[in-house]
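Enquirer: model this:
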Amino acid sequence: MRLRLAAPLVAAAAIALTISAVPAQAADGHGGGSTAGWARHAPRPGLSDQDFYFVMGDRFANGDTGNDRGGLTGDRNTTGFDAASKAFYNGGDLQGLRGQLDYIEGLGTDAIWLTPIFKNKPVQLEDGPSAGYHGYWITDFTQVDPHLGSNQDLTDLVAAAHDRGIKVFFDIITNHTADVIGYTAGDRTAYISKDAVPYEDAEGNPFDDRDYAGTADFPDLDPATSFPYVPVLQPDEQDLKVPAWLNDVSNYHNRGNTTFTGEDSQYGDFFGLDDLFTEKPEVVNGMIDIYKKWVDDFGIDGFRIDTMKHVNDEFWQQFGPALQQAAADQGDPDFFMFGEVALDGSDAKTKAFTSHYTTHDKMQAVLDFPFQAAARGFASKSADNQQLASFFTNDDWYTDRDSNVYELPTFLGNHDMGRIGYFLKTDNPDADDSELLARDELAHTLLYLSRGQPVVYYGDEQGFIGAGGDQLARQTMFASQVPEYRADDQIGTDNTGADDNFVTDHPLYRTIQRLAAVTAKHPALRNGAEQVRYASRGSGIFAFSRIDRERRKEYVVVLNNSEDTASAAVPTYFAKQKFRRVYGTGPLMLNSDGARRLSVSLPGLGAAVYTSTAAMPLSKHAPSVRLAQPRPSPIAHGRMHVQASVGGSSFSEVTFQRRVGAHGRWQTVGVDDSRPYQVFDDTTAGLEPGDRVAYRAAVLDNAGHTRGSGVRTVRVPADQVSITSPTSKVSDVYPVTVTAAVDPERPLQEVTFQRSVAGGHWTELGTDSSAPAYTVTDDVSDVDRGTTIRYRAILHEPGTPDVVSAPVEVTVGAPEPSVSSVTVAGSLQKEMGCPDDWQPGCAATHLAFDTTDGLWHGTFELPAGSYDWKVAIDDSWNVNYGAGGAAGGGNLALTVPPGGGTYVFTWDPITHVPSVAPAG
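Expert: A predicted model of the protein is given here:
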């Protein structure tokens, strides 16, 4: 356990920044003076100009029916194959994909992204049952899944794609393997936190794994004693996984099923999938070796990385650089990786979170989930364009020394959340096909012409809609036998899922084809600097520029997300100059006015791109540059917001640098090429609270002139701690879970919790030293209802004063339901009044909330028989609880004796445990 260091309490609000301004040391370097010669162009490292096509191998094309069953015999629960079920293998394979490269190339594709192709556990009976057609239940990381073909088929596919200039990217997993490990307490059990049961080394000493993550040292573990659950393997699965180190059960977290929140988001099993102990050096090195082998042997061009946010930072800080170096050693300096950091929303807070993996964790890029939310709002919901402008303004969260937002793959929908067609249909239920097609084209136009690297999800170019996410968004491109897919409507065509859908004259295919062609002809539309120019209040015109820095050309992209004709005077860099249309509808030529504005009118849901016919006038001298006072961002305390104001109105780029201490070396922290000029510098890597940091900026204009700013000095602020729950009301029936968040998280931190009842003295509740979630439980059963309780947290960190959070005040009251409904769902529902079994939304088997004990209860009569059941929350399988209260846990069994009986079903919302007992 960690040693607690005594330190005086210091209120967080009392920690002040020390800021000093130094006058600018140079007025104009004219090409690089001694002060501003370090001004640079914004980088476009690695890849920033690819058009991705995202393919699910099993659902694309069936080139070899002989591998449909993966070499296995028996029924679908053994082979995993059932062409008539959306939950099983449908027959697509690598040969089929290779046979359709003409179709993929014709779309304008530069890169194919494949769902995982490694050998999977064919079927997991607990999950539906369902098959591993999607590729995320890996047992053998060294060979292609036999349902998809062979390693030779992969070699042939990569060679054929490379011959066409198309890169191939693998979808890879480092977070988990297939569900093979069980526990002596049950196969899919409820999560046990590190607070409740810490890890113990082989000698029985408790420890926090976060104290060792990222180092070469890690305590020895004993599977029988080191974990909260004792892991076990079935005799026939002792050596199932490849490489062999994956069969060592001590290389897994072994804490039970995740609920996808808090600590268990990084430590829990995904519906039973074995969660790797990625804090251990053996696991880090093992995963690096696995994927280096694929790079070395197959010439893979890069990886999309699954479930990135569910793996600790220290893993990525080693994994990313190691794979890039391995590829470089093989002659591929442009090897590119991007991770899945799934998150709802598109605001600055969301970007602060997703950008953490590129700025702090040394990874190149992440999938741009915030873009998906913003693009849906713009094209499907006709949202206020000020929201989209704000979204792009926050792009600088991704700006650091060697990467920026231009590398991020952008997308409109995917295999998990659902397709853009589904969102369009959901958001516009009364729209006809022509409106849906126009909105679909508008969404793809934004996708292709704004910053980032566009990803088309296979089938979207054929107008696939689907009925939701996951299995409902995984249609086959070949004629389907799945009833749900055969009935699927499609945008822009009379085809359905019952047809082959490799249609090259589909209007969406042709639109994407044209977009890819215009960006290939005008590369600035792919990776030129982007500057927001105009955003209507409400729906209407949204416009931005893309800058060809080498040719000093400006492209003005104008989009209309309203259904009516709209006009705008769009600012540009040019006065009284001609602009020529290169894409979309409208006059072939337009002229900017003396105020540098381009008047554009577009039909409803229309788009156009205009380019300047002349080169941008060269600046005569560098503009002024002034650095604002750097301050920690209120959104992410470990990120220093550094902003510069630049004079003039022409295109410029600003380089930001920092120096640690009075005599440290100046280092670039980012280069920004659009207004507002800013970076959000990560001060957690290598810096400690109280360290003195100096910042400066230099502007580089379009003629190569430079000018430096003054220097501003700040101190890295103390880390913050805040109470995150409870927030308003607590119940005297439930134990209160008090949680605190620390920003930023560092090794060796610990948090003490205190409470004050009715304004009384602060009393200590306990201290938690296990990162990343800090919690304590408070018993308030002896506190009268109506009484107020205040909670606060105290952060202890070696070498720094203690920091006290702001208090949070709550009121003790009667229990209230935390969910809308709880359903007893299972093989007993027909006997309890439902039309069918396993129906999570059947009201006849709803439980009722009891305010006296805070539990959900329901009494039902049942005939004799044996039944399986669990509880479903809010009429959906999205959240459900089974044996032991595990999220997505195993079914519970109920045997009713001859003659039947009356039973009381109960669900505890705190422990999540469902139970049943005879009535009376």
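Enquirer: what pairs with the helix or strand harbouring Trp113, and is each one parallel or antiparallel?
Expert: Using DSSP states H and E, Trp113 maps to strand 111-114. Here strand 111-114 is paired, per DSSP bridges, with strand 52-55 (parallel), strand 167-172 (parallel).
Enquirer: state the mean pLDDT of the longest one.
Expert: Per-residue pLDDT values over strand 167-172 give a mean of 97.
Enquirer: check stretch 200-220 too.
Expert: In this model, stretch 200-220 has a mean pLDDT of 95.
Enquirer: same check on stretch 48-57?
Expert: Stretch 48-57 shows a mean pLDDT of 97 in the predicted model.
Enquirer: now the end-to-end length of it.
Expert: 25 Å (C-alpha to C-alpha, to the nearest Å).
Enquirer: what about the helices in the stretch 351-500 of the chain?
Expert: 369-375, 385-393, 420-427, 433-449, 483-486 (DSSP state H, counting those that start in this stretch).
Enquirer: make TSV from the ones you listed and add mean neighbour count to it.
Expert: Every C-beta, even on glycine, is put in place using the N, C-alpha and C of the backbone. TSV is the format used below for the helices of the stretch 351-500 of the chain (neighbours: other C-beta atoms under 10 Å):
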stretch	mean neighbour count
helix 369-375	24
helix 385-393	19
helix 420-427	23
helix 433-449	22
helix 483-486	17
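Enquirer: circling back: got a list of contacts for the strand holding Trp113?
Expert: For strand 111-114, contacts defined as C-beta atoms under 8 Å, 6 or more residues apart in numbering pick out 50-55, 57, 97, 104, 161, 166-171, 301-302, 304, 455.
Enquirer: go through the strands paired with strand 111-114 and name the closest to Val249.
Expert: Closest approach to Val249 among the strands paired with strand 111-114 (C-beta to C-beta): strand 167-172, 22.3 Å.
Enquirer: can you list the weak-confidence ranges in the protein?
Expert: Scanning the chain for pLDDT under 70 picks out the ranges 1-35.
Enquirer: the same query, at a cut-off of 80, please.
Expert: Across the chain, the ranges flagged by pLDDT under 80 are 1-36, 46, 920.
Enquirer: turn the strands paired with strand 111-114 into JSON lines, including mean neighbour count and distance to Thr78.
Expert: Below are those laid out as JSON lines (neighbours: other C-beta atoms under 10 Å; distance: least, C-beta to C-beta, whole Å):
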{"stretch": "strand 52-55", "mean neighbour count": "24", "distance to Thr78": "27"}
{"stretch": "strand 167-172", "mean neighbour count": "23", "distance to Thr78": "26"}
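Enquirer: reformat those as a markdown table; add distance to Tyr677.
Expert: A markdown table is the format used below for the strands paired with strand 111-114 (distance: least, C-beta to C-beta, whole Å):
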| stretch | distance to Tyr677 |
| --- | --- |
| strand 52-55 | 30 |
| strand 167-172 | 33 |
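Enquirer: of these, which is nearest Asp691?
Expert: Smallest distance to Asp691 across the strands paired with strand 111-114 (C-beta to C-beta): 36.7 Å, for strand 167-172.
Enquirer: returning to what we had before: tell me what the helix or strand just after the strand holding Trp113 is packed against?
Expert: Counting by DSSP H and E, the next helix or strand C-terminal to strand 111-114 is strand 118-120. Packing contacts for strand 118-120, counted by 3 or more C-beta pairs under 8 Å, 6 or more residues apart in numbering; DSSP states H and E, involve strand 138-144.
Enquirer: using CSV, list the CA coordinates for the strand it packs on.
Expert: The C-alpha atoms that make up strand 138-144 are tabulated as CSV, following Å, rounded to 0.1, in the frame of the first residue of the first chain:
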residue,chain,number,x,y,z
ILE,A,138,-10.1,-13.5,-30.3
THR,A,139,-8.5,-16.8,-29.2
ASP,A,140,-5.5,-16.9,-31.6
PHE,A,141,-3.7,-13.7,-32.4
THR,A,142,-1.4,-15.4,-34.9
GLN,A,143,-3.8,-16.6,-37.6
VAL,A,144,-6.7,-15.5,-39.7
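Enquirer: let's see the next helix or strand after it as CSV, backbone CA atoms only.
Expert: Beyond strand 138-144 on the C-terminal side, the first helix or strand identified by DSSP H and E is helix 151-163. The C-alpha coordinates for helix 151-163 follow below in CSV (Å, rounded to 0.1, in the frame of the first residue of the first chain):
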residue,chain,number,x,y,z
ASN,A,151,-3.1,-16.2,-43.7
GLN,A,152,-2.2,-16.7,-47.4
ASP,A,153,-5.6,-15.2,-48.4
LEU,A,154,-4.6,-12.2,-46.3
THR,A,155,-1.2,-12.0,-48.0
ASP,A,156,-3.0,-12.0,-51.4
LEU,A,157,-5.5,-9.3,-50.3
VAL,A,158,-2.8,-7.0,-49.1
ALA,A,159,-0.7,-7.5,-52.2
ALA,A,160,-3.7,-6.9,-54.5
ALA,A,161,-4.7,-3.7,-52.6
HIS,A,162,-1.2,-2.4,-52.6
ASP,A,163,-0.9,-2.9,-56.3
